[in-house]
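Asker: Could you work out the structure for the sequence below:
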Amino acid sequence: MRVEYIILEVNNYSEKEIAAFDACCTTTVKNSRHNKGNTKCIIKYEGDTPSILSKHTSYNKLEVTKVLQASEWVIVDERA
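Answerer: Residues are numbered from 1 along each chain as shown. The predicted structure follows:
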């Protein structure tokens, strides 16, 4: 089954909209990977694109891996 990823700007959505995203995705907004500023997250879905996500850009595994290499997504462990 095809797996795709969406990047959401979390602050642009109401709790009701976030619950709708959570219902159609395999990862929830709360438990997904967030950027350093906690303003964006990456959610994952499988199969056909749910209608609620149709206006968003979908990324495959390779593409989202490249996105995660950007400085806004890299979290440095300062304890090291």
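Asker: What residues are bridge-paired with the most centrally placed residue in the chain?
Answerer: Among the residues of the chain, Ile42 comes closest to the average C-alpha position under Cα atoms, centre = their mean, at 1.3 Å. Taking DSSP bridges as the rule, Ile42 bridges to Ile7, Arg33.
Asker: Now do the contacts for it.
Answerer: If a contact means Cβ atoms under 8 Å, 6 or more residues apart in numbering, then Ile42 has 5-8, 27, 32-33, 64, 67-68 as its contacts. In short, each C-beta sits where N, CA and C put it, glycine included.
Asker: And those, which is closest to Glu15?
Answerer: Of all the contacts of Ile42, Leu8 has the smallest distance to Glu15: 13.3 Å, by Cβ to Cβ.
Asker: about what we covered before: with the contacts of Ile42 in mind, which one is nearest to Ala20?
Answerer: Among the contacts of Ile42, Leu8 lies closest to Ala20 (Cβ to Cβ), at 11.5 Å.
Asker: Which residue is the nearest non-sequential neighbour of that closest one?
Answerer: Cys41 (5.5 Å; Cβ to Cβ, 6 or more residues apart in numbering).
Asker: which residues does the one you found contact?
Answerer: Here Cys41 is in contact with 7-8, 10, 29, 32-35 (criterion: Cβ under 8 Å, 6+ apart).
Asker: what's the spacing between stretch 46-56 and its chain's center?
Answerer: Counting by Cα atoms, centre = their mean, to the nearest Å, stretch 46-56 is centred 12 Å from the centre of its parent chain.
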